[in-house]
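S.K.: sequence and predicted model, in that order:
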Amino acid sequence: MIQNQYEAFKQLYKVKRLESTDKIESFDCGDNDLNDFILNQSSLFRTEKLAVSYVLKDKNNPQDIVAFFSLSNDKISISDFDDKTKYNRYNQKIKKSTFSN
């Protein structure tokens, strides 16, 4: 079933990694902070190797950006929590939400 969904997705959309030469000219998702990041800061994050940004485009309307996302170089460390118990609880919640489907 997942393979069929993936194939259907690939027929409709294209994921494109934004390169340093790519510029998003206009974008408005209704959130000023996100708009600012996408239009002005994402290229700086890419240059500094803090995050890699991607756009999802509709193959029928390639000028339209359907989604924008960035993958960040970061981690969640046990030292971010007051004690190991809180870390373990957080870790269990992540596992349940990620692998529940």
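M.R.: Cool, got the structure. Numbers count the residues shown, from 1 in each chain.

S.K.: all contacts plus neighbour counts: C-alpha atoms, from now on.
M.R.: Will do.

S.K.: and the closest residue to Lys14 other than its chain neighbours, how many neighbours?
M.R.: Excluding its sequence neighbours, the residue lying closest to Lys14 (C-alpha to C-alpha, 6 or more residues apart in numbering) is Lys57, at 5.2 Å. For Lys57, the count of nearby residues is 19 (other C-alpha atoms under 10 Å).

S.K.: ok so Lys57 is a strand residue?
M.R.: Yes - assessed with DSSP: H, G, I helix; E, B strand; the rest coil, Lys57 lies in a strand.

S.K.: for the top strand by length along the chain, buried residues please.
M.R.: Longest strand in the chain, counting residues (DSSP state E): strand 61-72. Judged by neighbour count using 16 or more other C-alpha atoms under 10 Å, the buried positions of strand 61-72 are 65, 68, 70.

S.K.: run the chain-centre distance for the helix ranked longest in the chain.
M.R.: Across the chain, the longest stretch assigned as helix under DSSP state H is helix 84-99. Centroid displacement of helix 84-99 relative to its chain, using C-alpha atoms, centre = their mean, to the nearest Å, is 21 Å.

S.K.: export only the CA atoms of that helix, formatted as PDB.
M.R.: Provided in PDB are the C-alpha atoms of helix 84-99 (Å, rounded to 0.1, in the frame of the first residue of the first chain):
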ATOM      1  CA  LYS A  84      16.900  10.600  32.300                       C
ATOM      2  CA  THR A  85      13.300   9.800  33.100                       C
ATOM      3  CA  LYS A  86      12.000  12.800  31.200                       C
ATOM      4  CA  TYR A  87      14.300  11.900  28.300                       C
ATOM      5  CA  ASN A  88      12.900   8.400  28.200                       C
ATOM      6  CA  ARG A  89       9.300   9.600  28.300                       C
ATOM      7  CA  TYR A  90      10.000  12.000  25.400                       C
ATOM      8  CA  ASN A  91      11.700   9.300  23.500                       C
ATOM      9  CA  GLN A  92       8.700   6.900  23.900                       C
ATOM     10  CA  LYS A  93       6.300   9.600  22.700                       C
ATOM     11  CA  ILE A  94       8.400  10.100  19.600                       C
ATOM     12  CA  LYS A  95       8.600   6.400  18.900                       C
ATOM     13  CA  LYS A  96       4.800   6.000  19.300                       C
ATOM     14  CA  SER A  97       4.000   9.000  17.000                       C
ATOM     15  CA  THR A  98       6.500   8.100  14.400                       C
ATOM     16  CA  PHE A  99       5.800   4.400  14.000                       C
END
